[in-house]
Structure formats: C-alpha cells, structure tokens
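got a sequence here, can you model it:
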Amino acid sequence: MTHAKITAVGSYKPSKVLTNEDMEQLVETSDDWIISRTGIKERRIAADDEFTSDLCYEAIKNLEKKYNKDISDVDLIIVSTLTPDYRTPSVASYVQGRLGLENAAAIDVNAACAGFVYGINMANAYISSGMYNKIIVVAGEVLSKITDYSDRNTCVLFGDGAGAFLIENDEESSFITSTSGSEGKLAESLYCTDVSKTMFGKDLEQIGFVNQNGKEVYKWAIKMVPREIEKLAEKANVELKDVDWFVPHSANLKMIQNICKRSEYPFERTLHSLVYYGNTSSATIPLAIDDAVDRGDIKKGETLLLFGFGGGLTYSSSLIKWGI
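Okay, the predicted model is just below:
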C-alpha cells in the first residue's frame, strides 16, 4: 500500500527584524502592551524587493541542504499563501520554474492561516492515491506588504516567513488522521480586499490591507479549536494526553494558552513561532516545527497535532507521527 511520509523540513526568515521598540516609533503602543496582549516580541520583515516566491524558494533550498535531499524528481509543488507575487502565475509555478523542476506540477492554496495544514493533508491524499510520489508543500507569506502600519490593532501582529515539508511515497506513513472545515458566514471577521470591495452586500474597509475583528476571531478560535481537537482525537481513537506536541497556528499567545486550558492540554507541550516571528499566517506552523527540530525538541516517533485556523474562516488539523 502507498503511504505518505514527511522526510525533510526547512524554513526561511527574512533578515530584517522589526522589534516592539520599533513599533513604538510607528504607532501609539508599547513593548509591554504588545507582549501582554499577544506575546510577540519581534517579527521578520521582507525587503522591498523580496516576495513570497523568494521566501518559498529559500525555504526549499534550506530543506534540500539540511537533509541532503535530491528534489529533482519532485512531481508536485503546493504553495500555501495569501500574499502571492502575482494573480498569475501562481507562486508554485514561479518557484517550480526557478528550481528547474521540469516534471513537477504546481498549484497554490489559499486557506489563509490554515493553508499549510490543508496543503500537507492534500499531499497525503495525492500520494496515498498514487497520483504523485514526491511533493513539496511550502507556506510563504509577506504580510508586511498588506499591513497598514498606521493601524495599531493589526500592524503589531504580522511578520514574514516561509516553511516547507518534503513528503514522499514510503512504506511508512506520517499521517494518522485529519479534519478540515470552514465557517464562511464569519468571513467579514478577517479579510483583505482584492477585485471586490464588498462582502455580503456591505462595503469593506481598509482597502488593500488586512482587516481583522480580533475579538470575534478570538472568540471563534477558543471555542472551535477545542471542539475540533476532541473530534480529531475521537476519529483517531487516541487520548489527547498521549499527543507529544500540539502545534497550533501562532496567532496570539493568550489564545493558545486559553485553547490549551479548555482542551486540558499542557501549554508546555505546545510549539509556536510568534514570539520572534510574529503571526506569519500559514507559515507559523512549519516555522515552529523547523525551529523545534533544530533545537532537538521533536524526537522520531513522537506524535504531533497540527491545527491551522484563520481567514475564511477556515480550519484544518492533522495528527502526524514524526519519522525523521
């Protein structure tokens, strides 16, 4: 039987650092205010001429170098992003061209902060069905380019970065089970305009920039995530206490703590990336995992529960067994 196994992980963070002290020069805020409400200390910012495709390319090259992987036979690239370089071509197609992967198909996925987990679940389905054999899933975001730096409610949150998995056909499977869903009726809680400037018949605000009703998203997440975690555990016939690491979307540290409390899961067993990278949307989960792997925190054979959630409002989870 064909299985899908995660065989390498990599990441890329832009070199420019934007600290909370720097934010104090842009808007009326303070280091104490930002940390107490979000847990974020600093974030990385892409250069003016640095775009999502550049971050994704570097994350893939990092993966290739760290694990000494040959990616020449990759047959599909999935890019998760809400900040593509162009409306067309897709970031995946552009990166495929830069990498010279002549035999690889390429698609972009936009499920906002849930996108990376959607992407790896898709890769699992593609490989398990026999449709593809070797897939790169990479999440890349340059949220700084769609952030209004005069809006203190959003500008303190977001950063830029990319993280990638290589997933291959193997005798062993990394994937135990997964869930996904959407509550599109709440779409007005988190959006960024493009061609349309209205939603559900109402005019939208902050045209061209991220607009978020933080309170509504927070309320939704702390109810929805514990509910869906319980469903996932039942589906996999496992107890949450037996999961070694919980890797939620790194939106807000208080939110993660509240989710853990409601799920009766120890916060100390969570992996997050927001403290030094900010909220990087779909990239938060692979960034957190790559850093944890580099620290030696994640051990082979351990179980990880990945849970992405955000704009859409969408969510996706995946229970995986680490095999690297």
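
got the buried residues for the helix or strand hosting residue 294?
Using DSSP states H and E, residue 294 falls within helix 284-295. For helix 284-295, burial by neighbour count (16 or more other C-beta atoms under 10 Å) applies to 284-293. Yep, even glycine has a C-beta here, placed from its N, CA and C like the rest.

out of the residues you listed, the closest to residue 92 would be?
residue 286 (15.5 Å; C-beta to C-beta).

I'd assumed residue 141 was in contact with the closest one.
No. Contact criterion C-beta atoms under 8 Å: residue 286 and residue 141 do not qualify, at 11.0 Å.

which neighbours do the two have in common?
Shared contacts of residue 286 and residue 141, defined by C-beta atoms under 8 Å, 6 or more residues apart in numbering, are found at residue 162.

distance check, residue 288 against residue 180.
20 Å (C-beta to C-beta, to the nearest Å).

contacting residues for the closest residue to residue 202 other than its chain neighbours?
What sits nearest to residue 202 in space, not counting adjacent residues and going by C-beta to C-beta, 6 or more residues apart in numbering, is residue 188, at 7.3 Å. Counting by C-beta under 8 Å, 6+ apart, residue 188 touches 199-200, 202, 213.

quick one, helices of the chain?
20-24, 31-38, 52-66, 91-99, 115-128, 152-155, 214-236, 253-263, 274-277, 284-295 (DSSP state H).

can you say which of the ones you listed is nearest to residue 84?
Closest among those, once you apply C-beta to C-beta, is helix 91-99, at 4.9 Å.

which helices and strands does the closest one pack with?
helix 52-66, strand 76-80, strand 105-109 (3 or more C-beta pairs under 8 Å, 6 or more residues apart in numbering; DSSP states H and E).

could I get those as a markdown table with distance to residue 9?
Shown next, in a markdown table, are the helices and strands packed on helix 91-99 (distance: least, C-beta to C-beta, whole Å):
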| stretch | distance to residue 9 |
| --- | --- |
| helix 52-66 | 6 |
| strand 76-80 | 15 |
| strand 105-109 | 18 |
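
for this structure, give me the ranges with low pLDDT.
Within the chain, not a single segment meets pLDDT under 70.

can you name the residues that contact the most centrally placed residue in it?
The residue lying closest to the centre of the chain (C-alpha atoms, centre = their mean) is residue 282, at 2.3 Å. Residues near residue 282 by C-beta under 8 Å, 6+ apart: 80-82, 111-116, 119, 139-141, 308.

let's see it at 6 Å
By C-beta atoms under 6 Å, 6 or more residues apart in numbering, residue 282 lies in contact with 80, 113, 115-116, 139.
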